[in-house]
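Asker: With the input below, show me the fold.
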Amino acid sequence: MNLLRKILIPIVPVYQGVTWLRNYCFDKEILKSKAYHFPVICVGNLSVGGTGKTPMIEYLIRLLKVEYSVGTLSRGYGRQTKGFILADDNVTAKTIGDEPFQFYSKFPDIIVSVGEDRQQAIEQLKQIEKLPEVLLLDDAFQHRKVKAGFNILLTSYNDLYVNDMVLPTGNLREPKSGANRADLIVVTKCPETITIEEQESIKRELNIASHQHLFFSSIKYANKIVSKTKTIDLEELKNKSFTLVTGIANPTPLVDFLSNKGFKFDHETYKDHHDFNEAELLELEKKEFIVTTEKDFMRLRSRLKNENVYYLPITLVVLNENKFNSKIKSFVRNF
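Answerer: The predicted model follows:
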């Protein structure tokens with residue numbers, strides 16, 4: 001904990017009280033939430049960033065799009081536009097945000113939209129010719145004006161929400177009691193070797209409610225890296241030095257993965273959703289070979305002429321995935 005966060009500890013009770021009161025007003029219907037007549041699944045967290053929401057949204061898209069028309073609705077964090085936008089071939093990371101642009105680029109057969117006011121955005125979605133049969137809300141756990149039919153709460157293996165405190169000293173957006181709203185809680189970024197004993201220990205630590213279900217997931221890195229024009233084997237990096245560029249909340253798992261592979265690289269790290277300026281882009285143009293995250297690649301690919309810029313794809317692996325998938329499909333099917 002840095003000095004500034006320690007200094008701000010007296011503000012913690014104020015922030016906690018305000019967010020608790022807001023949730024209380026929604027719980028007691030003093031403030032109104034709007035429910036919808038089609039399946040709405042919310043993916044979110046209690047902490048500020050870094051829990052793996054994007055891989056989870058992509059997992060749900062892959063799971064559901066075979067049987068249903070799927071839509072995503074995000075705030076579009078970091079975009080340079082305002083209001084509701086429905087993604088089409090003219091959008092970029094600057095107009096809709098890097099994560100929605102990633103969804104649109106990878107899944108052109110789904111409906112991707114952004115809007116700061118989710119309730120208003122859903123009303124706009126209802127006006128299009130074909131409303132999605134299932135709507136995935138990205139990072140909307142605290143956006144309580146919309147009452148999702150199903151809430152998935154993510155928490156990182158190395159940073160469980162029960163071990164944190166609210167802003168500004170901690171990283172929680174709201175008190176830990178907010179976790180009670182979740183239908184599923186997923187512990188993300190687990191080691192592939194996590195044991196049953198560890199899972200049981202975490203379950204006791206989280207002390208989940210009787211109506212909730214707990215799952216564990218890990219990140220699987222691809223064995224290839226991808227550029228705008230080609231794909232090469234990841235193992236080819238062993239024969240060269242490269243620069244790792246990250247603008248995500250927590251690059252540590254990626255750094256550890258590449259280091260454990262024995263690769264030699266320099267790491268240039270930026271804040272989450274970093275908007276690269278012209279000076280930074282000029283410096284990156286000089287790099288001989290760049291590896292980055294898929295999210296960062298969405299921001300860089302149209303702004304760099306350097307052809308040697310690659311991203312390392314990742315996918316989410318859910319332990320006990322059949323049961324997890326069944327919970328999701330059962331909600332949608334029985335809505």
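Asker: I'd like to know which helix or strand in this protein has the lowest mean pLDDT.
Answerer: Across the helices and strands of the chain, mean pLDDT, DSSP states H and E gives its lowest value to helix 3-7, namely a mean of 82.
Asker: Next secondary structure after that one?
Answerer: Using DSSP states H and E, the helix or strand that follows helix 3-7 in sequence is helix 12-27.
Asker: Alpha carbons of that next one, in CSV - could you do that?
Answerer: The C-alpha coordinates for helix 12-27 follow below in CSV (Å, rounded to 0.1, in the frame of the first residue of the first chain):
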residue,chain,number,x,y,z
VAL,A,12,-12.8,4.9,3.4
PRO,A,13,-15.7,4.9,5.9
VAL,A,14,-17.3,7.8,3.9
TYR,A,15,-17.0,6.0,0.6
GLN,A,16,-18.2,2.7,2.1
GLY,A,17,-21.2,4.4,3.7
VAL,A,18,-22.2,6.2,0.5
THR,A,19,-22.0,3.0,-1.7
TRP,A,20,-23.7,0.9,1.0
LEU,A,21,-26.6,3.4,1.2
ARG,A,22,-26.9,3.4,-2.6
ASN,A,23,-27.1,-0.4,-2.7
TYR,A,24,-29.6,-0.3,0.2
CYS,A,25,-31.9,2.1,-1.7
PHE,A,26,-31.8,-0.2,-4.7
ASP,A,27,-32.4,-3.3,-2.6
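Asker: Any chance you could list what contacts it?
Answerer: 30-31, 33, 144, 165-170, 173-175, 177-178 (CB atoms under 8 Å, 6 or more residues apart in numbering). All C-beta spots, glycine's among them, are computed from the backbone N, C-alpha and C.
Asker: and the residues you listed, which are buried?
Answerer: With burial judged by 16 or more other CB atoms under 10 Å, the buried subset of those is 144, 165, 166, 167, 169, 170, 173, 174, 175, 178.
Asker: Quick check: the two most widely separated of those?
Answerer: Spatial extent of these (CB to CB) is set by the pair 144 and 169 at 23.7 Å.
Asker: which residues in the stretch 51-200 of the chain form helices?
Answerer: For the stretch 51-200 of the chain, helices defined by DSSP state H, counting those that start in this stretch occupy the ranges 53-64, 93-96, 98-106, 118-125, 196-206.
Asker: chain center to the fourth one: distance?
Answerer: Taking CA atoms, centre = their mean, to the nearest Å, one finds helix 118-125 lying 21 Å from the centre of the chain it belongs to.
Asker: Give me the mean pLDDT for it.
Answerer: Taken as a whole, helix 118-125 carries a mean pLDDT of 96.
Asker: Can you name every helix or strand that it contacts?
Answerer: strand 70-74, strand 111-114, strand 134-138 (3 or more CB pairs under 8 Å, 6 or more residues apart in numbering; DSSP states H and E).
Asker: The third one now?
Answerer: Applying 3+ CB pairs under 8 Å, 6+ apart, we find helix 98-106 packed against helix 53-64, strand 70-74, strand 111-114, helix 294-300.
Asker: ok, the residue nearest the centre of the chain - contacts?
Answerer: The chain has residue 53 as the residue nearest its centroid, 2.2 Å off, counting by CA atoms, centre = their mean. By CB under 8 Å, 6+ apart, the contact list for residue 53 reads 43, 44, 45, 99, 138, 139, 154.
Asker: Nearest spatial neighbour of residue 159, chain-adjacent residues omitted?
Answerer: Spatially, and ignoring its direct neighbours in sequence, residue 159 is nearest to residue 47 (6.9 Å; CB to CB, 6 or more residues apart in numbering).
Asker: how close does the one you found get to residue 183?
Answerer: According to CB to CB, to the nearest Å, residue 47 and residue 183 sit 19 Å apart.
Asker: can you check residue 211 too?
Answerer: Relative to residue 183, residue 211 is positioned 7 Å away (CB to CB).
Asker: same question, residue 4
Answerer: 36 Å.
Asker: Compare these two and say which is more crowded by neighbours.
Answerer: Each of residue 4 and residue 183 has its neighbours counted (other CB atoms under 10 Å); residue 183 has more, 18 against 9.
Asker: my guess is the more buried one meets residue 213, correct?
Answerer: Yes: in this structure, residue 183 is within contact of residue 213 by CB atoms under 8 Å, at 7.2 Å.
Asker: which residues are in contact with both of the two?
Answerer: Applying CB under 8 Å, 6+ apart, one finds that residue 183 and residue 213 are jointly contacted by residue 327.
Asker: For the stretch 151-300 of the chain, which residues score under the pLDDT cut-off?
Answerer: Across the stretch 151-300 of the chain, nothing is flagged by pLDDT under 70.
Asker: what are the bridge partners for residue 151, then?
Answerer: residue 42 (DSSP bridges).
Asker: Count the residues that sit near residue 92.
Answerer: Residues within reach of residue 92, counting by other CB under 10 Å, total 18.
Asker: My error: substitute residue 108 in the last question.
Answerer: Residue 108: 10 neighbours (other CB under 10 Å).
Asker: Please apply the same query to residue 270.
Answerer: Neighbourhood size, residue 270 [other CB under 10 Å]: 15.
Asker: Just the strands from the stretch 201-335 of the chain, written as ranges.
Answerer: Secondary structure of the stretch 201-335 of the chain (DSSP state E, counting those that start in this stretch): strands located at 213-221, 224-226, 231-233, 241-246, 264-269, 290-292, 309-311, 314-318.
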